[in-house]
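> Sequence plus the predicted model coming up.
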Amino acid sequence: MNLTLTPEHIRAVAPRNPDPVSVVNALLPVLERHGINKTPERLGMFVAQWAHESEFVGVRENLNYSQASRICQTWPRRFPTVASAAPYAGNPQALANKVYNGRMGNTGPNDGWAYRGGGWPQLTGRDAYRAYGQRIGLDLEGNPNLILQASVSAQVCGLFWTDRGLNAAADAGDMVTITQRINGGQNGFDDRLARYRRVVPMLREQAEALASQEAIVHPSIPWKQLWVNGRQMDPATARLEGDTITLPSGTHQVVKKTQVGEKLYVTTAP
């Protein structure tokens, strides 16, 4: 049983994201490849964690602090006094090089800035950009801004998740371990948990319907929302007749259809 991620789920965990449909389209092959869509808990944890990191928006880490005291709060060991942080207030490039140079493979004078957090996973450090770029067949080290593309961020998120064995932790409901392995601490734990709690009931509802093996769960309720092979469609462009569905792309054989309330999920033959 594979769950279907929908824009509705992305809106639940990342309400400020401007294009949930594009997020879903980028994530679908990744979820399938890494088995993340097998349980509500896996999928819920996955989208909640990455939504906390970036709202699924392709951005670089913002290091433009206007107050030196905030820099001290963020990096207390590197900046033990306000005076030591003062030169870096309002100077994000210098701050990035100060806090990131000399580690994570950053050896050049501007590597901290070039390889600061980026994309959905907020990938950081020359070593990480090189390693993940090699694995997905892109030169992220030579062009770190490629991480801002949704398809690239999605692939890195999936690899990062699997490398740390997070499917098992998610199935166990272990938010603490997952947060530790992604964040290196427990920063933002309450927000991560709140996002998870918004989406996991929706995914569990879908899982229950899929597990029932009924073609139509609520035949008396007309469906108003349609997803075909994991992608949301305009119901006005579709005609469902028995075991076939006619779409703008043509007529396709239906192998499964499941209704959850007013939402209809259809899987067609390859």
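The structure has been received and is ready for your questions.
> what secondary structure does residue 98 sit in?
Here residue 98 is recorded as helix under DSSP: H, G, I helix; E, B strand; the rest coil.
> wouldn't it be in contact with residue 78 here?
Yes: with contacts counted by CB atoms under 8 Å, residue 98 reaches residue 78, the gap being 7.0 Å. To be clear about C-beta, it is placed using only N, CA and C from the backbone, and glycine gets the same treatment.
> With neighbour numbers in mind, choose between the two.
residue 98 (21 against 14; other CB atoms under 10 Å).
> report the longest strand in the protein, please.
Taking DSSP state E as the criterion, the chain has its longest strand at strand 250-260.
> right, and the helix or strand after it?
strand 263-268 (DSSP states H and E).
> if we can go back for a sec, can you give me the buried ones in the longest strand of the chain?
By 16 or more other CB atoms under 10 Å, the buried positions in strand 250-260 come out as 252, 254, 257, 258, 259, 260.
> Restricting to C-alpha, output it in CSV.
The C-alpha trace of strand 250-260 is given here as CSV (Å, rounded to 0.1, in the frame of the first residue of the first chain):
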residue,chain,number,x,y,z
GLY,A,250,-6.5,10.0,-23.5
THR,A,251,-8.5,7.1,-22.1
HIS,A,252,-6.7,5.0,-19.5
GLN,A,253,-7.4,1.7,-17.7
VAL,A,254,-8.2,2.1,-14.0
VAL,A,255,-6.5,-0.4,-11.7
LYS,A,256,-7.6,1.1,-8.4
LYS,A,257,-10.0,3.8,-7.2
THR,A,258,-10.5,4.8,-3.6
GLN,A,259,-12.7,7.6,-2.2
VAL,A,260,-12.0,9.4,1.0
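> Report how many residues lie close to residue 126.
Residue 126: 21 surrounding residues under other CB under 10 Å.
> what are the ranges of the strands in the stretch 101-250 of the chain?
Using DSSP state E, counting those that start in this stretch, the strands of the stretch 101-250 of the chain run over 225-228, 231-233, 239-241, 244-247, 250-260.
> Pull up the pairing partners for the second one, direction included.
This means strand 231-233. For strand 231-233, the paired strands and their directions (DSSP bridges) are strand 225-228 (antiparallel).
> ok, now the fourth one?
Strand 244-247 has these partner strands in its sheet, going by DSSP bridges: strand 239-241 (antiparallel), strand 250-260 (antiparallel).
> And for residue 14, nearest residue in space, chain neighbours not counted?
Excluding the flanking residues, the one nearest residue 14 by CB to CB, 6 or more residues apart in numbering is residue 51, at 4.0 Å.
> Surely the one you found and residue 13 touch.
Yes: using CB under 8 Å, residue 51 is in contact with residue 13, at 3.9 Å.
> re the thing from before, columns distance to residue 164 and mean pLDDT on top of the strands of the stretch 101-250 of the chain, output as CSV?
Shown next, in CSV, are those (distance: least, CB to CB, whole Å; pLDDT from 0 to 100):
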stretch, distance to residue 164, mean pLDDT
strand 225-228, 30, 87
strand 231-233, 29, 85
strand 239-241, 41, 86
strand 244-247, 39, 92
strand 250-260, 31, 85
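> Now render the ones you listed as JSON lines, adding distance to residue 115.
Shown next, in JSON lines, are the strands of the stretch 101-250 of the chain (distance: least, CB to CB, whole Å):
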{"stretch": "strand 225-228", "distance to residue 115": "38"}
{"stretch": "strand 231-233", "distance to residue 115": "34"}
{"stretch": "strand 239-241", "distance to residue 115": "49"}
{"stretch": "strand 244-247", "distance to residue 115": "43"}
{"stretch": "strand 250-260", "distance to residue 115": "43"}
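> wait, which of these is closest to residue 83?
For residue 83, the closest of these is strand 231-233, at 54.1 Å, according to CB to CB.
> For the residue nearest to the spatial centre of the chain, which three-state class applies?
With distances taken as CA atoms, centre = their mean, residue 50 lies nearest the centre of the chain, 4.2 Å away. Assigned with three-state DSSP, residue 50 falls in the helix class.
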